[in-house]
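*Asks:* predicted model, plus sequence, below.
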Amino acid sequence: MQIENDILIAASDLIAKCTSNGEMIATAESCTGGLITGSLTGVDGSSSVVDCGFVTYSNEAKHQLIGVGNDLLEKFGAVSEPVARAMCEGALERSPNATIAISVTGIAGPGGGSPNKPVGLVHFGCAGKDRTTITYHEVFPGDRHAVRKATVLKAFDLIAQMIDRA
């Protein structure tokens with residue numbers, strides 16, 4: 001898959017920031033299916049910054065791989081703030097070397113939306129060692145490609161914000 005130039009530029013900037021601040025990243029991705037990790041590893045020097053990535057598309061994967069509680073999944077649904085928080089905190093805990101973990105869970109479309117959880121809704125979590133977890137959500141416009149691209153770019157922005165909290 002060809003990664004778009006603006007994503008590669010943003011990934012390169014983030015890798016430089018992580019390198020200069022001694023940060024390593026873990027990802028927990030659902031709606032992006034590994035695009036965040038793939039975008040980062042498309043840049044030279046990423047091996048010093050990317051520790052691991054968890055693609056947890058199913059609820060079972062979220063539970064078994066990164067420890068998201070079945071109670072959270074049942075009560076709030078996979079696309080929710082509590083699950084995004086649990087995803088990033090679980091990824092950080094399970095990563096051998098990461099100092100920051102980002103999570104994304106959402107509805108990229110074209111189907112799957114509802115009045116309470118429309119297509120384009122993405123919840124983010126960003127956890128850092130000895131830092132307060134950030135959560136964020138947004139409804140991104142556009143088709144599946146646009147939603148996933150916007151999600152990757154916002155994830156990079158949240159990681160950069162977490163670096164600034166160190």
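*Replies:* Looks like it arrived, so ask away.

*Asks:* secondary structure class for the residue nearest to the spatial centre of the chain?
*Replies:* When the chain is reduced to its mean C-alpha position, the closest residue under Cα atoms, centre = their mean turns out to be residue 103, at 3.0 Å. Following DSSP: H, G, I helix; E, B strand; the rest coil, the label given to residue 103 is strand.

*Asks:* mind listing what it touches?
*Replies:* Taking Cβ atoms under 8 Å, 6 or more residues apart in numbering, we find residue 103 in contact with 27, 28, 29, 30, 84, 85, 87, 88, 91, 124, 125, 126. C-betas here are computed from N, CA, C, even on glycine.

*Asks:* let's see which of these end up in helices.
*Replies:* When helices are assigned by DSSP state H, the members of the contacts of residue 103 inside them are 84, 85, 87, 88, 91.

*Asks:* ranking the residues you listed by neighbours, who comes first?
*Replies:* Using other Cβ atoms under 10 Å as the neighbour criterion, residue 87 leads the ones in helices among the contacts of residue 103 with 32 neighbours.

*Asks:* so what's it up against?
*Replies:* Residues in contact with residue 87, defined by Cβ under 8 Å, 6+ apart, are 28, 30, 56, 62, 66, 68, 103, 105, 125.

*Asks:* what do you get if the cut-off is 7 Å, keeping everything else the same?
*Replies:* The neighbours of residue 87, taking Cβ atoms under 7 Å, 6 or more residues apart in numbering as the test, are 28, 56, 62, 66, 68, 103, 105, 125.
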